[in-house]
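Q: Following is a predicted model, sequence given first.
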Amino acid sequence: MATESSTPPDPLLVVVLGPTGSGKSALAISLAERFSGEIVSCDSVAVYRHFEIGTAKPSREDRTRVQHRLIDVANPDEAFTAGEYARRARVVLVDIAGRGHLPIVVGGTGLYLRALLEGLFPGPQRSDELRERLRTRSAGMGPAYLHRMLRRLDPGGAEKIHPNDVPKLIRAIEVCMAARAPMSELWQQRGRDPLRGFRILRVGLNPPREKLYDRINQRAAKMFDEGLVAEAQALLQRFGDATAITPMHSLGYEQVLQHLRGDISLAQAIVAARQGHRNYAKRQMTWFRREPDVTWLEGFGDDASVVGQAAAIISSQSPAPSAL
């Protein structure tokens, strides 16, 4: 009697998430080496070329050890949205799985991850004229002006965007004005296009808070020691006004800009960068706690015990990926 053939399961997709400084990249590299994987970066600043020191990108050595995707794919003066990230990342995931490798998405940008896994609503088209006006207002009156504007248009949406995140503030205001409705409501009303064709395994890192903050403080100071100020100066010289360089307002670089303008001393810039990264880690954990079906591991990604736990979870999947 002939037996009916079973449909093979969808390929596995591993997502490593957690706050900045928790060792996501270290864990992802260990898992990629063990399970013939490739890493897909999910970082809204690492997508930009020439931003090296302040992004904590994987070293050249790490990129030689394991294939990394979606790093250095845009110029600093180009717009690179969450929707664009999702489109490119989905193509990359299919390519990796199609070659029999394990795709591992790693990074701390929650909006990019949501766009990839859940899809985004089809928002209004961009208006270059409006964006230029808003960038000019931000340059003259500061990012806080845009945040106050967004609070009037969409109080709920404003709570989820950092007051210094100029690109996201501009896009949110643009959507609200074009659609004549709060962006946060549009998220709920309009359909999305979730990722299909993969079994998604989410692994989260939750290291002790005080130890995490110690690492964050050390890493922020190290960025300045390694030449963050000189890198920012070179970027400004190459690409011009900071308002035209999307990632220049990310953590670390924003504090350098304040120092270069003479608003704060170098010592104050380091203190502000440390505080900014700690606050960002808090917001990341709040965001990621809302992710469904996350297996949380208590520790850093470079802890041998954490690597072992994550590997065991992946091996338990049916069918399990082949460990090297």
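A: Right, received. Where do you want to start?

Q: Name the next helix or strand downstream of the helix or strand bottoming out on mean pLDDT in the chain, please.
A: Least confident element among the helices and strands of the chain, by mean pLDDT, DSSP states H and E: helix 183-189 (a mean of 63). Later in the chain than helix 183-189, the nearest helix or strand by DSSP states H and E is strand 199-205.

Q: Between strand 199-205 and the helix or strand following that following strand, find me the angle.
A: Of the helices and strands lying after strand 199-205 in sequence (DSSP H and E), the nearest is helix 209-225. Using axes from the mean of the first three to the mean of the last three Cα atoms, to 10 degrees, the direction of helix 209-225 lies 90 degrees away from that of strand 199-205.

Q: tilt between the helix or strand that comes right after helix 209-225 and helix 209-225?
A: Using DSSP H and E, the helix or strand that follows helix 209-225 in sequence is helix 228-239. Taking the same axes, to 10 degrees, helix 228-239 and helix 209-225 form an angle of 60 degrees between their directions.

Q: so how far is whichever helix or strand comes after helix 228-239 from its chain's centroid?
A: Going down the chain from helix 228-239, the next helix or strand is helix 253-260, by DSSP H and E. Remark: helix 253-260 is offset 21 Å from the chain centroid, using Cα atoms, centre = their mean, to the nearest Å.

Q: Just list what helix 253-260 packs against, helices and strands only.
A: Applying 3 or more Cβ pairs under 8 Å, 6 or more residues apart in numbering; DSSP states H and E, one finds that helix 253-260 contacts helix 228-239, helix 266-288. (Glycine included, C-beta is placed from N, CA and C.)

Q: Out of those, flag the one nearest residue 12.
A: Residue 12 lies closest to helix 266-288 among those, at 20.0 Å (Cβ to Cβ).

Q: Now that closest one: buried residues?
A: 269-274, 276-278, 280-281, 284-285, 287-288 (16 or more other Cβ atoms under 10 Å).

Q: Low-confidence regions, this protein specifically.
A: Applying pLDDT under 70 to the chain flags residues 1-6, 121-126, 184-192, 318-324.

Q: So it: which segments form each domain?
A: 12-120+192-315, 128-189 (automatic domain parsing).

Q: Out of those domains, which is the most enclosed?
A: Sort the domains of the chain by mean neighbour count, taking mean count of other Cβ atoms under 10 Å, and domain 12-120+192-315 sits at the top with a mean of 18.

Q: quick one: terminal-to-terminal distance for that domain?
A: One end of domain 12-120+192-315 to the other measures 11 Å (Cα to Cα, to the nearest Å).

Q: picking up where we left off before, what is the nearest of the buried residues of helix 266-288 to residue 81?
A: For those, the minimum distance to residue 81 (Cβ to Cβ) is 17.9 Å, reached by residue 287.

Q: nearest residue to the closest one other than its sequence neighbours?
A: Leaving aside its sequence neighbours, residue 287 sits nearest to residue 110 (Cβ to Cβ, 6 or more residues apart in numbering; 3.9 Å).

Q: got a list of what the one you found touches?
A: For residue 110, the contact set (Cβ atoms under 8 Å, 6 or more residues apart in numbering) comprises 284, 287-288.
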